[in-house]
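**Student:** Fold the following and give me the result.
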Amino acid sequence: MKVVRVDTKKQFKEFIHLPWRIYSKNCQWVPPLISSIVGVLSEDKNPFWVHAQKQLFLAYNDNNDVVGRIAAIIDHNYIKFQNDKSGFFGFFECFDDIEVAEVLFSAVKDWLKGQNIHKMMGPMNPSTNDECGFLLEGFDLPPSIMMVYTPQYYLRLAERCGLRKIKELYAYDMDIIEGSKVRSRLERAVTIVKRKLPMLEIKTMQKKSFEKYLEDVISIYNRAWEKNWGFVPWSNEEFIEIASKLKMFMDPEMVMMATIADFPVGMLISLPDYNQVLKKLNGKFFPFGILKFLYYRKKIDSLRLMIMGVLKEYRHKGIEAVMYEEGLRNAVKNGYKHCELSWVLDDNIMTQRTAEMMNGKMYKKYAVYCT
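**Tutor:** The predicted structure is shown next:
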């Protein structure tokens, strides 16, 4: 058994492709686009690395086969904003072998100690603004877009290696049914809210004004979430980069902003679950993936509600209900059947109650670990 730093193109390719061997017999795993993972990990393509650093590791067995991978990550913006001198581990994948897991986690801890960081948390792929956690419950279901799927034995490996669970993240499944009791309750609430806030408007995204829309979104995001666990403000460069990538996946009627007298006060962003399409592509757009993409995208019947927030000074006024009602109406109109609300922090009681009010059922959990 040996662990090496990823320094060559060959090693980087092995790092990227290992999951296809780990999940070869798992029908729930959704292969990511290879180009997307390469982009996330490349310093010249991902502006996250302007304020962060990393070291990738591979584990080899005696036959020189790759049997595990992991990334050591330091996000200096996280350390500064959260006042928490923690490093991250991320992109962890390995076969069910405690020795492999031990050498991988040890490699990250040793590298972080060399940077004078003595606490490790994760998985973050690569940050708290990206895919987080190991799957804790819901192994019989595929993941939604930009959510992780990991084997159940990762939990055992992490705990046997001395990591402890510090946070749970929840996902709710909601049926989208026109004329439901939920819709009726929301409509009544919306009538009252609009009477109290006559200048309130819900605006959906207009692609021709995409750049201006982004300015308002990043402003709301960085203000509305600043007190959340693990939150790190997006830089303008990071937000523009990820939004530009997601633009092709957006349904404009499912991206909405609440304004009062044209001042942005809240937003709700749902993405069609393109994992239903990526499942068919096996990580590649070309040469035939693009044809499958164009065909299967028309069959997507689920959403992931991934961002919903209102500025602190405008909360408890019913604005959230107005956005939910608008989103539900548009979802029904556009033919969606289900919506996943994720992820929700285990101590975010208000959002949990809102999900339950919408007849949401908690159906997946994720776990974040630390040393």
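**Student:** residue boundaries of the strands in the stretch 151-300 of the chain?
**Tutor:** Using DSSP state E, counting those that start in this stretch, the strands of the stretch 151-300 of the chain run over residues 164-175, 200-204, 255-260, 263-272.
**Student:** Just the mean pLDDT for the host helix or strand of Leu303, thanks.
**Tutor:** Per DSSP states H and E, Leu303 falls inside strand 302-310. The average pLDDT within strand 302-310 is 93.
**Student:** Check which helices and strands that strand is in contact with.
**Tutor:** helix 210-224, strand 263-272, helix 319-333, strand 338-345 (3 or more C-beta pairs under 8 Å, 6 or more residues apart in numbering; DSSP states H and E). Glycine gets a C-beta too; all of them are placed from N, C-alpha and C.
**Student:** 10 Å instead, please
**Tutor:** Strand 302-310 makes packing contacts with strand 164-175, helix 210-224, strand 255-260, strand 263-272, helix 275-278, helix 319-333, strand 338-345, helix 349-357 when contacts are defined by 3 or more C-beta pairs under 10 Å, 6 or more residues apart in numbering; DSSP states H and E.
**Student:** Where does pLDDT dip in the stretch 51-200 of the chain?
**Tutor:** Residues of the stretch 51-200 of the chain that meet the criterion pLDDT under 70 lie in 178-181.
**Student:** got the residue ranges for the helices in it?
**Tutor:** 76-82, 98-114, 153-160, 181-196 (DSSP state H, counting those that start in this stretch).
**Student:** so can I have JSON lines of those showing mean neighbour count and distance to Gly289?
**Tutor:** As requested, the helices of the stretch 51-200 of the chain are arranged in JSON lines below (neighbours: other C-beta atoms under 10 Å; distance: least, C-beta to C-beta, whole Å):
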{"stretch": "helix 76-82", "mean neighbour count": "16", "distance to Gly289": "34"}
{"stretch": "helix 98-114", "mean neighbour count": "19", "distance to Gly289": "31"}
{"stretch": "helix 153-160", "mean neighbour count": "17", "distance to Gly289": "28"}
{"stretch": "helix 181-196", "mean neighbour count": "14", "distance to Gly289": "37"}
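**Student:** Break this protein into its domains for me.
**Tutor:** 7-170, 173-365 (automatic domain parsing).
**Student:** quick one on the thing from earlier: out of the strands of the stretch 151-300 of the chain, which gets nearest to Glu187?
**Tutor:** Closest to Glu187 of these, according to C-beta to C-beta: strand 200-204, at 13.6 Å.
**Student:** Give me the contact list for the closest one.
**Tutor:** By C-beta atoms under 10 Å, 6 or more residues apart in numbering, the list of residues contacting strand 200-204 from outside reads 190, 193-194, 209, 213, 216, 251-262, 264-268, 314, 317-319, 322-323, 325-327, 330.
**Student:** Return a ChimeraX selection command for the buried portion of those residues.
**Tutor:** Here is the ChimeraX command that selects only those of those that count as buried (16 or more other C-beta atoms under 10 Å):
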select :190,193,213,216,251,253,254,255,256,257,258,259,260,264,265,266,267,268,314,317,318,319,322,323,325,326,327,330
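**Student:** one step back: out of the helices of the stretch 51-200 of the chain, which comes closest to Ala367?
**Tutor:** helix 153-160 (6.7 Å).
**Student:** Against which helices or strands is the closest one packed?
**Tutor:** For helix 153-160, the elements it packs on are strand 87-94, helix 98-114, strand 134-137, strand 164-175, strand 361-370, judged by 3+ C-beta pairs under 10 Å, 6+ apart.
**Student:** and the angle for it with strand 361-370?
**Tutor:** When axes from the mean of the first three to the mean of the last three C-alpha atoms, to 10 degrees is applied, the directions of helix 153-160 and strand 361-370 differ by 40 degrees.
**Student:** give the contact list for Pro143.
**Tutor:** Pro143 makes contacts with 28-30, 131, 135, 149-150, 171, 273, 275, 304, 340, 342, 364, 366, as judged by C-beta under 10 Å, 6+ apart.
**Student:** got it, and Asp96?
**Tutor:** So Asp96 contacts 22, 151-154, 156-157 (C-beta under 10 Å, 6+ apart).
**Student:** quick revisit: which stretch among the helices and strands packed on helix 153-160 approaches Met1 most closely?
**Tutor:** Using C-beta to C-beta, these put helix 98-114 closest to Met1, at 5.9 Å.
**Student:** Could I have the CA atoms of the closest one written out in CSV?
**Tutor:** Only the C-alpha atoms of helix 98-114 are listed here, as CSV (Å, rounded to 0.1, in the frame of the first residue of the first chain):
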residue,chain,number,x,y,z
ILE,A,98,-10.0,0.2,6.2
GLU,A,99,-6.2,0.3,5.4
VAL,A,100,-6.9,2.3,2.2
ALA,A,101,-9.1,4.7,4.1
GLU,A,102,-6.6,5.1,6.9
VAL,A,103,-3.7,6.0,4.7
LEU,A,104,-5.8,8.5,2.7
PHE,A,105,-7.2,10.3,5.7
SER,A,106,-3.7,10.3,7.2
ALA,A,107,-2.2,11.8,4.1
VAL,A,108,-4.7,14.7,4.3
LYS,A,109,-4.1,15.3,8.0
ASP,A,110,-0.3,15.3,7.5
TRP,A,111,-0.5,17.7,4.6
LEU,A,112,-2.7,20.0,6.6
LYS,A,113,-0.4,19.9,9.6
GLY,A,114,2.4,20.9,7.3
